[in-house]
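**Q** Got a sequence here, can you build the structure:
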Amino acid sequence: MSYPTKDRGRAGAKPGTTREQAERRERFQRAQRESLRPGGDTAILYGWHPVTAALANPRRTLRKLLATENAARKLADEGITAKVAPEIVRPDAIAARLPPDAVHQGLYAEADPLPSPAIEELAADGLVLVLDQVTDPHNVGAIFRSAAAFAATAIVTTARHSPEATGVLAKAASGALEHVALVTVQNLARALGDLKERGFLVVGLDAGGEQDFAALALRAPLALVLGAEGKGLRQLTKETCDHVARLDLPGAIQSLNVSNAAAVALYVARSRLKPA
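**A** Predicted structure coming up:
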């Protein structure tokens, strides 16, 4: 005879909930989220900083705004005006549209994606980041946040093997999507070649780099290229860079999460960068 087993490991499962009941509830919630998900290329933004940054961005077109009473009151108290009238809802109405552990802080928006400029449109005196198949949205969002903090002008990534600028990525970016342009290209090696033709110094960051990045002579415009964790830079990407450098670390741990590596590299670059 078999007995129902209690599932204590599933997030949100109440004491005494059987595995079958927990799985049934998960399927229901997943189906509900799918039914509420907007179609097409709509960007989903949630959380205080992503949504309020979008509200302040004249280039961002919002389609829908949901807010709890508390969040709507806070918007009014801080003098933040919405481009579309907010629909006042209960917190669970927002939570139903998002992954189970999403922290929405009472704000949810659906918006048009921001335009993606071409390589040729980037300022020829700036600092850009190039991502070689970095696919984790939390990492890419954190990289956007660091890019905004260090005044990088753009992040270049491929249309494939990269997350969309929405949802989890936007939340991790904490509003940085509104300040740093996202350039999407079909072929990364060709895009690096285009940057070099425009005068960019292209430096790949890789644990196996022959040079110490902190000792490398840098100049503007500068493009820093980062690869996916584990795999690093692809061979063709390395071959296309002007230099492949490493971040020398004095401690016992000799590798960094890609978003942390981006932040360190941006700090070093900004502290030593000289105009072309």
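**Q** average model confidence for stretch 176-184?
**A** Averaging pLDDT along stretch 176-184 gives 96.
**Q** any low-confidence regions in the stretch 101-250 of the chain?
**A** For the stretch 101-250 of the chain, no stretch has pLDDT under 70.
**Q** who touches stretch 265-276?
**A** Contacts with stretch 265-276, where a contact means Cβ atoms under 8 Å, 6 or more residues apart in numbering, come from 125, 127, 129, 146-147, 149-152, 199, 205, 213-214, 218-222, 224, 226, 247. The way it works is simple: take the backbone N, C-alpha and C, and place the C-beta from them, glycine included.
**Q** Point out the ones among these that are inside strands.
**A** Mapping the contacts of stretch 265-276 onto strands (DSSP state E) picks out 127, 129, 205, 222, 224, 226.
**Q** Dump the residues you listed to CSV, plus distance to Glu178 and neighbour count.
**A** Below are the ones in strands among the contacts of stretch 265-276 laid out as CSV (distance: Cβ to Cβ, whole Å; neighbours: other Cβ atoms under 10 Å):
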residue, distance to Glu178, neighbour count
Leu127, 18, 22
Leu129, 17, 27
Leu205, 26, 26
Leu222, 23, 22
Leu224, 22, 26
Leu226, 22, 24
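**Q** would you turn these into TSV with distance to Arg190?
**A** Formatted as TSV, the ones in strands among the contacts of stretch 265-276 follow (distance: Cβ to Cβ, whole Å):
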residue	distance to Arg190
Leu127	21
Leu129	17
Leu205	20
Leu222	19
Leu224	18
Leu226	18
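**Q** what's the closest of those residues to Glu20?
**A** Closest approach between these and Glu20, by Cβ to Cβ: Leu226, at 44.1 Å.
**Q** give me every residue that touches that closest one.
**A** Here Leu226 is in contact with 129-132, 134, 143, 205, 233, 258, 261-262, 265 (Cβ under 8 Å, 6+ apart).
**Q** can you rerun that using 6 Å?
**A** Listed by Cβ atoms under 6 Å, 6 or more residues apart in numbering, the contact set of Leu226 reads 131, 205, 258, 262.
**Q** Over to Ala223?
**A** 128, 130, 195, 200, 202.
**Q** related to what we said a few turns ago, out of the contacts of Leu226, who's nearest Glu120?
**A** Among those, and counting by Cβ to Cβ, the member closest to Glu120 is Leu131, at 19.4 Å.
**Q** Spit out the contact partners of the closest one.
**A** Contacts of Leu131 by Cβ under 6 Å, 6+ apart are 157, 226.
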